Structure formats: structure tokens, C-alpha cells
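Novice: show me how the following folds:
(chains A and B, ligands or ions: 2)
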Amino acid sequence: MQWISQVVFALILIAAIYFFSRNVGKIRRNILLGRDEDRSDNKPQRWRNMLRVAFGQSKMAARPIPFILHFIVYAGFILINIEVLEIILDGLFGTHRILSFMGPIYDVAIGFFEILGLGVLIACVLFLTRRFISRIPRFHKPEMAGWPTRDATIILISEIVLMTALLIMNGADQALQMLGNPHYIDAGANPVSGLYAGWMHGTFSEGQLIFIERACWWFHIIGILLFLNFLPYSKHFHIILAFPNTYYADLTPKGRFANIESVTNEVKMMLGLPDVDTNAPPPESFGAKDVQDLTWKNLMDAYSCTECGRCTSVCPANLTGKVLSPRKIMMDTRDRLEEVGKEMDSGVQPTEEKNLHSYISKEELWACTSCNACAEACPININPLNIIVQMRQYLVMEKSEAPNELNMMFNNIENNGAPWQFPASDRDAWANQV
Amino acid sequence: MSEPVHVPTVAEFAQRGETPEVLFWVGCAGSFDERAQKVTKAMVKILNHVGISYAILGKEESCSGDPAKRAGNEFLYQMQAMNNIAILNGYGIKKIITTCPHCFNTLKNEYPQMGGNYDVVHHSSYLQELIDSGKLTVEGGSFKGRKITYHDSCYLGRANNIYEAPRRVLEALDGELVELKRCRANGLCCGAGGAQVFKESESGDKEINVERAEEALSTGAGVIASNCPFCMTMLRDGVKHFNKEDDVEVLDLAELVSKANDL
Ligand code: SF4
Ligand code: SF4
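Specialist: Residues are numbered from 1 along each chain as shown, chains lettered A, B, ... in the order given. Ligands and ions are numbered 1, 2, ... in the order given. I've put the predicted structure just below:
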């Protein structure tokens, strides 16, 4: 009989890994639809950034309460997964607590995981409280209506349920150890489940306890595999992408905007400069009309965004009631990219009229002050401003759709070298009055 | 007040076969905006006072291209950049100081991509250098003991991580520096950047500069120190919005230093 459950387990595991890899593969393909950009320089600095910002969560510390809660969940996620490894081995080999041969180390580890598991459970309850009872404003902006809020709720409730299953499983296991069931070897310290193991021991029969233990075990592992497969559909994918995303983050000062090289040749031609590359192919288009025009890093940013809204909560435009929300810029980029990816998968001809600008309005784009508060606030170094500027470039250089006042400003710079209408010959007039 | 000062141009230096040690990049606001011109003049007085060999480009200077670039007009930006770089390289300029953080950022971070490599210094860092090296001694003067608050401009702060230099300069004034609630990396924008200052803002429920001025006024400081001509405009308008312009002055770091020293 045991072999049946082993086979079932193996099949579930293979299916879970297969679907997960397939979806991750799609995300990877979608990210690589973006323009090339070289981020292979300065590897030591990149590793340091990743260790500090993603692994060490350094930017989360700006807000102490969510920092502590998030840190518990994060540490829980990483450490409790060691226990998942044991569950997988047990499932495949039909063993029970295969790693318990490690003796005291194992006991301490299990004890520690229990405390952590309880911590995660409490943290998730508090997260739900902050979201729905304290109603922290950044979780209730218009872009959070519908799926994004459901997504967050699903994640938090799943974690609560998974941790509960883990703790009940350990309680039943310990009760069975008390009964001296030979399969349930004496292993693990149970600082949390020990509190109710005695009660379980007194309340349930051995058969019932075995049933509870097995049910929780299956529930826990299937839950984790489902959770894994939910990730690619969820903002929760950040638990994976936060690492590469901080590794590849821009290392130059935030104020530096990249040069568009294809423009340089055109400008040289206009200015009649000698070193024009006459063989250069005419540039296809300027700025970002759609997601493919953004860089792959912009697209990775979009998939990494966890919709926490820290960017939006410090955006001067958003704070003063404008429609611009940097979080929405990231969410729209991801939604549009998903749409493009789905069109590719289904072989549907992409609809010409639809592009990233169908998601992000001009009103949003023109409200940005390029202040970089969003990029500074983002715990995983996402840069919404970079996308905004590329979309503006498309509006200005391809569509000539800048607001009128900005066109006047452009004209002034072109004609008199200043954004206002003053004659260039007066530029040093002030110098006569010092 | 002192004698009228002659502001030398790089061309004058070139005629003598010389290059100034530093170029003072004035910027469009510093050249044309009446309020910012006062900052320009204050800076010139400081440069004269410390006796450094400096010059301006005069009529040969042109917009750095920052507003065009932030607004998405890369063509116009690159044309400006190429022309300016041709002039700067032609004169063999090595070091540039400027009172505008937007010019500072563009010249320092973006011109190298187009072949313009200079040691670009914002005046807040330059003033700090002068004070630290003892070339400039600052007497607190009228600012001694007064409450001063400081507004971090986005292009000096977050864009370039310069938070300490301006504060060191203010500390030299012997005033009482009161920080804004949102300061340093968390500083709130004045609302001008990204070419916003050249257009009406999108509809919302408040102007950004009013939000920021409100915060600055709540510190009870009599002086709001700024380091950017555009922040200056925005903050002054914000202070006016609350009818506080008679009680609260918005002053640039260069003005504070030059006033304190009676230059
Ligand atoms: S850079 Fe633009 S989007 Fe980002 S916080 Fe500033 S105004 Fe908002
Ligand atoms: S961009 Fe960063 S700060 Fe903004 S919602 Fe996404 S993860 Fe949070």
C-alpha cells in the first residue's frame, strides 16, 4: 500500500514542477521581449546590492512595523522550506522524518521552525488586519481594486492555512510519539505544538491521530506545491525575482538618464557634423510605444513588483491627488506584457490599436516630476520613472503629443537656448549689475 | 556694498591664452529668472571674495537640455548637449561649478555619454569645500541662532546622493537647522522637476509646492534654504499661497553665505 502513496506523491511533485517551470519559462520569454541593455558590468557591486537589498531587506527597514512582520514571513519562508525538503524526501521514499538521524540538531531545527511558523501565522494575520481593518491607504488606491487585492488576500490566507496545517501535523505527530507508535519515532522539539499535543493525545484515538497527521501532511505539501504554482500568476512572484532584480538594478546615479544612441546619429546629421555614420540603419522608432520597446530590465521590474505601494505613497503627484501612481505604471506594464505573451501563445494576430499607451494615459505620464521618490522607496529597486520617460519619448518624438506649454518650451530652447522667451543676447545681462 | 564687479568670460581668458580654473555655469534660470539672478550674483561675489580664477561662458552658454530630456525630447536635448560640449571642449574646460542641480546632474551624469567629461560640482559642495579648506570663513552674521530649514532638491538629493554638503554649509552659519519631516532621501519634491515648472499641473486636489511649503512653514523656521532655482520659485509661490512671504524668506545657500558675510 505504501508504494501507492509514494507513486501518487511523485506524480504530484513532477506535475507541480513541470507546470511551474513552464510558467517561469513563459515569464522569462516575456521579459526577454524587451530591448537589450547591458547589465553585466561590475559584478561585485551587483552581488553586494543583491545581498544587501534583497537578501538583507535593507530598504524595508524604512518602515519598522512592516519590516519586522515581513522579515518574519521572509525568514519563515526560507527556513521552513528546509522542512519541505524533508517532506519531499519522506514522500518519495515512504519514510517518516528522514532527517531526524541528525539528533539534537534536528530537534532544535524543528522547534525553531515551529516558533517561526507561529510567527508567520501571526504576521499574516496582522498583515490582513493592516490591509482590511486599519485600511492603510496605500493598499486601497484605485489600481488595487479587484484582482490585486484578491491576490494579496489569497497569499496571506494560504500562508495562514499552511502554517496551521504544519502545526497541527506536528501536534498529532507528537501525540503519536506519546502513544509509542513505532512509525512515529521520537524526534523533534515542539515548543508550539507541545502546548496542545497532550490534549490531542487525550482526545483522539490512535487511528484518528494518524488520520490527522497524514491529512495535514498531504494538505501541507500539496498546499505548498499549489502555492508555488500560484506564484507566476501573482504579485507574489517577487519572492523569486527580487533577487535577480536587485542584482541587475541600475548602478549609476538615479539622476542619469540613458542616452538614446540612435538619436545621436540623426542629431549629428542635423547639425552637419563630420562623424556621421552614414551606414547606420534608420532608427525604427523612438521611445516606448509598447512593452517590447522597453528594456528587458523594465520588464523584469514589472514582474518583480509586489504592489506594496511604497512608491505611490511617496509620489508627489499621487499625494496631491493626480491620477499618476508609479505602482500602477508597473502593474500596467506587467498586464500589457502578459497580454502580449498570451497573444503569442495562442497565435492570435496582435491587435494594432492596443499598446502600453492603452493602459497608461497621457495624463498620468505628464504628471510626473521625475523626482525619483518612487525608485528610492521601492524595496527591490524597481524604477517606474524609467518607463515613464521612455513613454514620454514616444509621445514627443513619434506622436508630437506633448502638452502645448511644453512644445513652447521646446521652441524656446531651440530658438534662444533657454526654456523661456528671452533673447539669447540677454543671457549675461545680469553680469552688468553685480 | 562693494564696487561693481566685472564678471569675466571664458572668451576673455582665451584671448589672453588662458583657461580659468573653474567655469561658473550659470544656467537658464540663473541667467534670466529675476529671483535666481540674485543667487547668481551672490555666487559671483563669493567667487570674487575667495579670489579663485573663474569665468562664465556669457552669451555662449545655452540651456543644458535638462527640461527637454525629462520631457522626452531627446533630439533637442542632444542638440543642446552637443553644442555645449563643443564649446566647453573647445575652451578646454576641466572644472565646472553651477548653482542649478538640474544643470549639475545633466552635465555631470549625462554629458559624458556624449563626449563631455568635466569635474562638475554643485555650489553646495563647492561652498562646503571652501569652508572646509579654510578659504572661506563664514560668520553667522544675521543668521546666528535663527531657525533655518532646508529643502533637499531631488536632483541634488536622490538623483546624486548629496545630502551632507548643504547641511554642513548651513551649520557653518551657526543657525538652528530644523529638518523638514520629509527630508534627505525622503524629501518631497517641490513640484518643478521633469519639466513640470513649464506647464500647468494635471488636475488633482492640491499643488505639490503648496504641500511642501506647508510642511516647511510648520517647522516655524524664518528661512527656508534651497539649492535650486526651480525649488526657489516653487517654494516662494507656496509661501505666498499662505500669505507668509513677509515672515518667511526662501534663500539659496549662496545667498545665505554671501549675506552672512556681508558680501
Ligand atoms: S518620479 Fe514621477 S512617478 Fe516617481 S515619485 Fe516622482 S513624480 Fe511620482
Ligand atoms: S514598484 Fe516597488 S515600491 Fe512600488 S509597488 Fe512595486 S514593489 Fe512596491
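Novice: make it CA atoms for all contacts and neighbour counts henceforth
Specialist: Fine.
Novice: mind listing the strands for chain B?
Specialist: Along chain B, the stretches classed as strands by DSSP state E are B:22-25, B:54-55, B:95-98, B:119-122, B:147-150, B:176-178, B:223-226, B:249-252.
Novice: what lines up beside the fifth one in the sheet?
Specialist: Which is strand B:147-150. Strand pairing for strand B:147-150, determined by DSSP bridges: strand B:176-178 (parallel), strand B:223-226 (parallel).
Novice: and for the third one?
Specialist: Partner strands and pairing direction for strand B:95-98 (DSSP bridges) are strand B:22-25 (parallel), strand B:119-122 (parallel).
Novice: any idea which element the closest residue to residue A:341 other than its chain neighbours lies in?
Specialist: Nearest non-adjacent residue to residue A:341, counting by CA to CA, 6 or more residues apart in numbering or on different chains: residue A:30, 6.1 Å away. Applying DSSP states H and E as the criterion places residue A:30 in helix A:2-31.
Novice: tally of neighbours for the residue nearest to residue A:341?
Specialist: Neighbourhood size, residue A:30 [other CA atoms under 10 Å in any protein chain shown]: 24.
Novice: next, count neighbours for whichever residue of the stretch 51-200 of chain A sits closest to ligand 2.
Specialist: Closest approach between the stretch 51-200 of chain A and ligand 2, counting by CA to the nearest ligand atom: residue A:138, at 9.1 Å. Neighbour count of residue A:138, defined by other CA under 10 Å: 18.
Novice: same question for residue A:246.
Specialist: Other residues near residue A:246 come to 25 when the count uses other CA under 10 Å.
Novice: surely residue B:74 touches residue A:262?
Specialist: No - proximity of residue B:74 to residue A:262 does not meet the contact threshold set by CA atoms under 8 Å, at 10.2 Å.
Novice: between these two, who's got more neighbours?
Specialist: Neighbour totals were compared for residue B:74 and residue A:262, and residue B:74 leads with 25 against 16 (other CA under 10 Å).
Novice: in terms of pLDDT, where does that one sit?
Specialist: Note for residue B:74: predicted pLDDT of 97.
Novice: neighbours of the residue lying closest to residue B:220 once chain neighbours are set aside, how many?
Specialist: Among residues not flanking residue B:220 along the chain, residue B:147 sits closest, at 7.5 Å (CA to CA, 6+ apart). Residue B:147 has 17 neighbouring residues, counting by other CA under 10 Å.
Novice: what's the closest non-adjacent residue to residue B:257?
Specialist: Sequence neighbours aside, residue B:138 is the residue nearest to residue B:257 in space, at 6.7 Å (criterion: CA to CA, 6+ apart).
Novice: and for residue A:367?
Specialist: residue B:202 (5.8 Å).
Novice: hmm, residue A:368 and the one you found touching each other?
Specialist: No - the pair residue B:202 and residue A:368 fails to qualify as a contact (CA under 8 Å) at a distance of 9.5 Å.
Novice: in the chain, where is pLDDT below threshold?
Specialist: Chain wasn't specified; assuming chain A. Along chain A, the model assigns pLDDT under 70 to residues A:1.
Novice: not what I meant, chain B
Specialist: For chain B (pLDDT under 70), the answer is B:1-3, B:140.
Novice: what segments of the stretch 101-250 of chain A are helices?
Specialist: Using DSSP state H, counting those that start in this stretch, the helices of the stretch 101-250 of chain A run over A:104-132, A:147-179, A:194-203, A:206-230, A:238-247.
Novice: tell me the angle of the longest one relative to helix A:104-132?
Specialist: Between the axes of helix A:147-179 and helix A:104-132, defined by axes from the mean of the first three to the mean of the last three CA atoms, to 10 degrees, the angle is 150 degrees.
Novice: do helix A:147-179 and ligand 2 meet at all?
Specialist: No - against ligand 2, helix A:147-179 shows no contacts by CA under 6 Å from any ligand atom, the least distance being 11.2 Å.
Novice: relative to helix A:194-203, how tilted is that helix?
Specialist: Using the same axes, to 10 degrees, the direction of helix A:147-179 lies 60 degrees away from that of helix A:194-203.
Novice: okay, angle between helix A:147-179 and helix A:206-230 too, please.
Specialist: Relative orientation of helix A:147-179 versus helix A:206-230 (the same axes, to 10 degrees): 150 degrees.
Novice: could I get the buried residue list for helix A:147-179?
Specialist: Buried residues in helix A:147-179, defined by neighbour count with 16 or more other CA atoms under 10 Å in any protein chain shown: A:148-149, A:151-153, A:155-156, A:158-177.
Novice: for the last one, same thing?
Specialist: For helix A:238-247, a neighbour-count test (16+ other CA under 10 Å) marks A:238, A:239, A:241, A:242, A:243, A:244, A:245, A:246, A:247 as buried.
Novice: next SSE downstream of that helix?
Specialist: Downstream of helix A:238-247, the first helix or strand assigned by DSSP H and E is helix A:261-270.
Novice: contacts for the helix or strand just after that following helix, please.
Specialist: Next in sequence after helix A:261-270, counting helices and strands by DSSP H and E, comes helix A:296-304. The contact list for helix A:296-304 (CA atoms under 8 Å, 6 or more residues apart in numbering or on different chains) reads A:30-37, A:235, A:237-238, A:241-242, A:245, A:248-249, A:291, A:330-331, A:333-334, A:337, A:382-383, A:386-387.
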